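Colleague: build me a structure from this.
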Amino acid sequence: MIPEPIQKAIRLARDAGHLVTVITGRTETSARPFLDILKLQAPYGTAQGARVQHSDGSVLFEHKLEGLIAQKLIEASKVDGFFVATGEHFYVLDPSHERWLWAHNEGHKVRAWSQYENESVYKIVFESGNDGLQQKLEQHHQDLMFYPWGNRYLEVTRGGATKGTALKLIAETLGVAQHDTIAFGDGGNDHAMLEWAGRSIVVEGGDLSLTREHERIAPPSEHGVALWLEQNLL
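Modeller: Next up is the predicted model:
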């Protein structure tokens with residue numbers, strides 16, 4: 001969960017008049033506990049930016065994969081460990097397998113892939129030790145977004161579904177100029193967001209590929225975000 005000092009600093013920043021949002025790779029269901037803790041009042045993004053919605057739940061933007069493309073990706077991957085997130089459901093080969101216990105615990109409606117009926121998809125996540133999977137899928141789907149996590153996970157979304165696109169849309173919706181935006185990130189999926197934001201801060205302890213040109217702060221365990229907010233905004 002979010003360390004209390006960071007929660008407090010974010011609350012104080014919001015109380016001081018700053019607008020706070022979250023853009024995450026998680027689905028809405030997975031992100032909900034964190035969103036509730038922060039009591040967001042601004043639009044926010046989930047599924048790598050494939051979905052942006054207002055705090056009341058109304059959808060501002062969706063950028064989903066077509067069902068036919070999702071099927072082609074699954075067939076081409078030859079991977080047993082995957083889940084397909086449509087918003088309503090998680091589709092997996094075997095919902096009873098222990099690897100999906102976390103999804104059940106988070107409240108996802110996990111269904112068998114055999115029940116999939118070409119619904120549009122926010123994202124697909126492959127769980128694989130095959131470091132050639134991305135290259136294999138990109139050969140025929142160069143227009144999609146690929147988010148690798150080491151040699152174990154690979155997330156796929158529709159082209160243009162990025163955290164940078166989501167941040168731009170949220171800023172425009174709120175009437176905030178690009179140069180007035182501040183973004184914190186620690187993963188490879190944060191590249192687009194950090195590149196678009198007026199001021200970008202990389203949280204240490206995450207993806208080492210993130211450019212050294214951005215400001216860098218201590219990891220969550222050392223409350224780096226809280227310290228930065230206290231020193232620069234509060």
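Colleague: what is the neighbour count of the residue nearest to residue 111 when sequence neighbours are not counted?
Modeller: Nearest residue to residue 111, sequence neighbours excluded (CB to CB, 6 or more residues apart in numbering): residue 89, at 4.9 Å. Any C-beta I mention is one placed from the backbone N, CA and C, and that applies to glycine too. Residues lying near residue 89 (other CB atoms under 10 Å) number 18.
Colleague: show me what contacts residue 89?
Modeller: With contact set as CB atoms under 8 Å, 6 or more residues apart in numbering, residue 89 has these partners: 108-111, 119.
Colleague: could you do residue 19 as well?
Modeller: Residues in contact with residue 19 (CB under 8 Å, 6+ apart) are 42, 174, 176.
Colleague: pLDDT score for the second one?
Modeller: Same thing as residue 174. Note for residue 174: predicted pLDDT of 96.
Colleague: for it, grab phi and psi.
Modeller: Dihedral pair for residue 174: phi -90, psi -10, per degrees, to the nearest 10.
Colleague: does it touch residue 42 like I think?
Modeller: Yes: with contact defined as CB atoms under 8 Å, residue 174 reaches residue 42; the gap is 6.2 Å.
Colleague: ok so, going back, if I look at the residue nearest to residue 111, what pLDDT would I see?
Modeller: Here, the pLDDT recorded for residue 89 equals 94.
Colleague: how near is it to residue 39?
Modeller: 28 Å (CB to CB, to the nearest Å).
Colleague: same thing with residue 46?
Modeller: Per CB to CB, residue 46 is found 17 Å from residue 39.
Colleague: these two: who's more crowded?
Modeller: residue 46 (26 against 12).
Colleague: is residue 171 in a helix, a strand, or coil?
Modeller: With DSSP: H, G, I helix; E, B strand; the rest coil as the basis, the three-state label of residue 171 is helix.
Colleague: how about the nearest residue to it, chain neighbours excluded?
Modeller: Distances taken as CB to CB, 6+ apart put residue 181 closest to residue 171, at 5.4 Å, once the chain neighbours are dropped.
Colleague: neighbours of that neighbour, how many?
Modeller: Neighbours of residue 181 (other CB under 10 Å): 20.
Colleague: how about the one 4 residues further on?
Modeller: The number of residues packed near residue 185 is 22, by other CB under 10 Å.
Colleague: what about stretch 35-42, distance to the chain center?
Modeller: The chain centroid and the centroid of stretch 35-42 are separated by 16 Å under CA atoms, centre = their mean, to the nearest Å.
Colleague: tell me which residues are up against that stretch.
Modeller: With CB under 8 Å, 6+ apart as the test, stretch 35-42 has contacts from 1-2, 7, 10, 14, 19-22, 44, 55, 170, 174.
Colleague: isn't residue 202 right up against residue 219?
Modeller: No: with contacts counted by CB under 8 Å, residue 202 stays clear of residue 219, the gap being 10.5 Å.
Colleague: just the mean pLDDT for stretch 74-82, thanks.
Modeller: Mean pLDDT, stretch 74-82: 92.
Colleague: could you do stretch 126-142 as well?
Modeller: On average, stretch 126-142 scores 84.
Colleague: in it, what's buried?
Modeller: 126, 128, 133-134, 137, 141 (16 or more other CB atoms under 10 Å).
Colleague: give me the phi and psi for the residue positioned nearest the centre of the chain.
Modeller: In the chain, the centroid-proximal residue (CA atoms, centre = their mean) is residue 25; its distance is 1.3 Å. Per-residue torsions, residue 25: phi -80, psi -20 (degrees, to the nearest 10).
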